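Student: sequence-free structure coming up:
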């Protein structure tokens, strides 16, 4: 892995992980048409840690409060033999846990099936087009009236299912979970925040499993200078991408990504058919 490749892949990971255009789908396209490889598996998984750092940077205060309040609720529940939610951070912690369950189940049960879709651009191009329609629909039609106190565990489960389905290359994780939140009536700020926070356990778990596979396969696992640079760049670019997405969501411009995905998906589909 050269410094140039690390920079390119770090920028690529930071942008596509958070903007609703599918990092996995774009990675396949990048490899197919430009011959740019992601390097070894360990490098790829470490780039995901870079985007995890982005979430911690943007939501650091909220994450700390969620963790502290969760253990406070847990301690009081054990002490009093009765669990009671007393604030929004405790509720958010439980929603994240509940929402992560369907994602994990889908990943475990259907991960191998989703993995096979990486071998062809046709399903990926169709997934791009489908993501475009999903973003356009929720941006135009969603009813946004729920605050954290009104969000149900069923809402969290459904959003978690959206995240699980986004294992499909070409289906955006951020786009799917935000769309799931808007579909369930969450206001735009909460849908965005919950999407990013819900990514923490899913991305961390997937990265740990990926690193385990990299070590088991005997691949390169050294912390080289290009690796550190790639992780740092993915974290910095990830923060910028998150800010851009938040601004577009607030101004009801999520559907802008639909046009890009429709054009990209259509071009890819035509190129593969003809």
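Tutor: Yep, that arrived. Nothing here was measured: the structure is a model prediction, and the numbers come from that model. Numbers count the residues shown, from 1 in each chain.
Student: downstream of the helix of greatest length in the chain, the next helix or strand is which one?
Tutor: For the chain, the longest helix by residue count, based on DSSP state H, is helix 41-80. Counting by DSSP states H and E, the next helix or strand C-terminal to helix 41-80 is helix 88-116.
Student: returning to that earlier point: what's the longest helix of the chain packed up against?
Tutor: helix 3-18, helix 88-116, helix 188-216, helix 225-250 (3 or more CB pairs under 8 Å, 6 or more residues apart in numbering; DSSP states H and E). C-betas here are computed from N, CA, C, even on glycine.
Student: quick one, which of these gets closest to residue 63.
Tutor: helix 188-216 (7.3 Å; CB to CB).
Student: gap between that closest one and the chain center?
Tutor: 7 Å (CA atoms, centre = their mean, to the nearest Å).
Student: the residue nearest to residue 188 when sequence neighbours are not counted: neighbouring residues, count only.
Tutor: Leaving aside its chain neighbours, residue 188 sits nearest to residue 249 (5.0 Å; criterion: CB to CB, 6 or more residues apart in numbering). By the criterion of other CB atoms under 10 Å, residue 249 has 19 neighbours.
Student: roughly how far does residue 249 sit from residue 47?
Tutor: Taking CB to CB, to the nearest Å as the measure, residue 249 falls 24 Å from residue 47.
Student: now do residue 267
Tutor: The gap separating residue 267 from residue 47 is 26 Å, by CB to CB.
Student: cool, residue 59 as well?
Tutor: As judged by CB to CB, residue 59 and residue 47 stand 20 Å apart.
Student: what helices and strands are in contact with the least confident helix or strand in the chain by mean pLDDT?
Tutor: Lowest by mean pLDDT, DSSP states H and E among the helices and strands of the chain is helix 23-34, with a mean of 80. If contacts are counted by 3+ CB pairs under 8 Å, 6+ apart, helix 23-34 sits against helix 3-18, helix 121-141.
Student: can you say which of these is nearest to residue 28?
Tutor: Evaluated over the helices and strands packed on helix 23-34, closeness to residue 28 peaks at helix 121-141, with 5.7 Å, by CB to CB.
Student: residues near residue 193, how many?
Tutor: For residue 193, the count of nearby residues is 20 (other CB under 10 Å).
Student: any idea of the pLDDT on it?
Tutor: Among the per-residue scores, residue 193 shows a pLDDT of 95.
Student: might one say that it is in contact with residue 59?
Tutor: Yes. Look at residue 193 against residue 59 with CB atoms under 8 Å: they come within range, at 7.0 Å.
Student: sorry, back to before: residue 198 is nearest to which of the helices and strands packed on helix 23-34?
Tutor: Taking those one by one with CB to CB, helix 3-18 is closest: 13.0 Å.
Student: in that closest one, what counts as buried?
Tutor: Buried residues in helix 3-18, counted by 16 or more other CB atoms under 10 Å: 5-6, 8-18.
Student: now stretch 84-97
Tutor: Buried residues in stretch 84-97 (16+ other CB under 10 Å): 88-96.
Student: same question, stretch 263-274
Tutor: Here stretch 263-274 shows 264-265, 268-269 as buried, counting by 16+ other CB under 10 Å.
Student: show me the contacts for the residue nearest to residue 46 when sequence neighbours are not counted.
Tutor: Spatial nearest neighbour of residue 46, chain neighbours left out: residue 231 (5.4 Å); criterion: CB to CB, 6+ apart. Taking CB atoms under 8 Å, 6 or more residues apart in numbering, we find residue 231 in contact with 10, 46-47, 49-50, 53.
Student: how does it look with 7 Å?
Tutor: Residues in contact with residue 231 (CB atoms under 7 Å, 6 or more residues apart in numbering) are 10, 46-47, 49-50.
Student: nearest to residue 201, of those?
Tutor: Comparing the contacts of residue 231 against residue 201 with CB to CB places residue 49 closest, at 13.6 Å.
Student: so that closest one touches residue 207, yeah?
Tutor: Yes. With contact defined as CB atoms under 7 Å, residue 49 reaches residue 207; the gap is 5.8 Å.
Student: spatially, what comes nearest to residue 50 if we skip its sequence neighbours?
Tutor: Leaving aside its sequence neighbours, residue 50 sits nearest to residue 234 (CB to CB, 6+ apart; 3.2 Å).
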